[in-house]
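Novice: Okay, here's the prediction I keep looking at, along with the sequence it came from:
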Amino acid sequence: MRYAVKGVAKHFPTAIISGRSRDKVHELVGLTELYYAGSHGMDIMFPLQDTSSIHHSSYIRSTDKQGKEVNLFQPAREFISMIDEVFRTLVEVTKDIPGAKVENHKFCTSVHYRNVDEKSWRTVAQHVHDVLKGYPRLRLTHGRKVLEVRPVIDWDKGKAVEFLLQSLGLSNSDDVLPIYIGDDRTDEDAFKVLRERNRGYGILVSSIPKESKAFLSLRDTLEVAEFLKSLVKWKEQVDEAQ
């Protein structure tokens, strides 16, 4: 998959938008050719040169692990300490539930219950709800066997897609076709943006039929890899013909 994504990034602007922290995604993927958006798009590394239109509290300049200067857009920076506090509390209240795993993604935190006995799922959910009662500025969303705590701001993966297209200078180009591939409930926000804009395609990865805002579907990650390789092959054939 890394080879397939690397090939696509060679020919097309390519980004990964994940619920994980941006640093964690970068570490897992290990490709410098990509743009990364972590925490459901609340932590975006982007190339925009003119940053005058970006609110100063959300935009910062930083350096990556290679020492290269990068631009970061973080619309939920003010929530970092609050998320950290909630993370530590959730770790404490779920520590006695076998299989429960709590992760801190910097701008959101998640409680995974995939490995929890089904009889204890309700207990996990109750613990999370009880903790959030003291944090009215945070909200709860659901993913695949995961409960995610996020700031109450108007931002999601769909907004991240729009921001990346704008920062890459691709928002108003007639020769650009955005494609978004995802398998999680949170990816529906991105599918919805592309469908409403009528300018791109969302592709749902699922082995079974599901209701979705995506236009197309692939069965699994193997089909995703083959699809990405076919994009590269098509592009190389077009370039050769020209």
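Specialist: Looks like it arrived, so ask away.
Novice: Show the subsequent helix or strand relative to the lowest-mean-pLDDT helix or strand in the chain.
Specialist: When the helices and strands of the chain are scored by mean pLDDT, DSSP states H and E, strand 59-63 comes last with a mean of 68. Using DSSP states H and E, the helix or strand that follows strand 59-63 in sequence is strand 69-73.
Novice: Buried residues in the next helix or strand along the chain from that following strand, which are they?
Specialist: Using DSSP H and E, the helix or strand that follows strand 69-73 in sequence is helix 80-94. For helix 80-94, the neighbour count (16 or more other CB atoms under 10 Å) marks 82, 83, 86, 87, 89, 90, 91, 93, 94 as buried. Placement of C-beta: from N, CA and C, glycine included.
Novice: and what of stretch 134-144?
Specialist: 135, 138, 141.
Novice: Span of it from start to end?
Specialist: With CA to CA, to the nearest Å applied, stretch 134-144 spans 25 Å between its terminal residues.
Novice: Begin at 46, not 1, for the rest of this chat.
Specialist: New numbering, starting at 46: the last item is stretch 179-189.
Novice: residues in contact with that stretch?
Specialist: 64, 124, 127-128, 131, 155, 159, 173-174, 177, 192-197, 228-231 (CB atoms under 8 Å, 6 or more residues apart in numbering).
Novice: just stretch 242-254 next, same as before
Specialist: 221-228, 232, 235-237, 239-240, 255, 257-266, 268-269, 272.
Novice: List only buried entries from those.
Specialist: Neighbour counting with 16+ other CB under 10 Å marks 223-228, 232, 235-237, 239-240, 257-259, 262-263, 269, 272 as buried within the contacts of stretch 242-254.
Novice: picking up where we left off before, let me have the buried residues of stretch 179-189 in a markdown table, adding secondary structure as columns.
Specialist: What follows is the buried residues of stretch 179-189, written out as a markdown table (DSSP: H, G, I helix; E, B strand; the rest coil):
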| residue | secondary structure |
| --- | --- |
| 180 | coil |
| 183 | strand |
| 186 | strand |
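Novice: closest to residue 169 among these?
Specialist: For the buried residues of stretch 179-189, the residue nearest residue 169 by CB to CB is residue 186; the value is 14.9 Å.
Novice: The nearest residue to residue 74 once chain neighbours are set aside pairs with what?
Specialist: Here the nearest residue to residue 74 in space, its sequence neighbours aside, is residue 61; by CB to CB, 6 or more residues apart in numbering that works out to 6.3 Å. Residue 61 has these beta-bridge partners by DSSP bridges: residue 81.
Novice: residues near residue 166, how many?
Specialist: By the criterion of other CB atoms under 10 Å, residue 166 has 15 neighbours.
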